[in-house]
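Peer 1: how would this look folded up:
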Amino acid sequence: MKYNSLREYFYKLHNLLYGVILAPLLAFVVLYWQMQAGNVDGLLKQDEYLNQLLLVVLSFIVLFDWIISLLLFNRGLKETRTLDSLGKKLDRYYSFTLLRFALVVSGSLGLAIGFYLTENQLFTILFVSGFAILLLFWPTPSKVCNDLQLKGDERTLVLHKKDRL
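Peer 2: Sure thing, here's the model as predicted:
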């Protein structure tokens, strides 16, 4: 990734993550609104067995998705911490953060599809939980410092978004 300052780095990173999050969030909100208005009905709403089966299957898939994103991110962090320059560390952090968010959001799309098919409110709860998890993972300067275990001058540069000391 090309950036001229740490402010620009965080600006680009946050804008990209907002974009990744916005599409499924808007889709789910519109879908929920249309279902509450009675314009759309769940396709499997009447079949309780399929409704419950889909809930269990999608819940496990989403949980598996969240665990995989956590493991990939942590493994990537271990490799990234060994790099010699701050720029390389931040570039790798950018990639792994994007991967983490993309995996969690892809699971959220599955939950939106499950909600569309069944109108089960547990999908709504899981969807909101996924976005709460993303809030915990949001890359603030202090979180980036802690994740990359930055010390000294590197930590000061990132925390205060300085270009030089």
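Peer 1: Any figure for the gap between residue 148 and residue 90?
Peer 2: For residue 148, the distance to residue 90 equals 8 Å [C-beta to C-beta, to the nearest Å]. Heads up, the C-betas are built off the backbone N, CA and C, glycines and all.
Peer 1: More neighbours: which of those two?
Peer 2: Neighbour tally, residue 148 and residue 90, criterion other C-beta atoms under 10 Å: the higher count belongs to residue 90, 23 against 20.
Peer 1: so what pLDDT did the nearest residue to that one once chain neighbours are set aside get?
Peer 2: What sits nearest to residue 90 in space, not counting adjacent residues and going by C-beta to C-beta, 6 or more residues apart in numbering, is residue 9, at 6.0 Å. Note for residue 9: predicted pLDDT of 92.
Peer 1: in what helix or strand does residue 9 lie?
Peer 2: helix 6-37 (DSSP states H and E).
Peer 1: Find the residue at the geometric middle of this protein.
Peer 2: residue 101 (2.7 Å; C-alpha atoms, centre = their mean).
Peer 1: got the angle for whichever strand or helix holds residue 135 vs helix 6-37?
Peer 2: Using DSSP H and E, residue 135 maps to helix 121-137. Helix 121-137 and helix 6-37 are oriented at 170 degrees to each other (axes from the mean of the first three to the mean of the last three C-alpha atoms, to 10 degrees).
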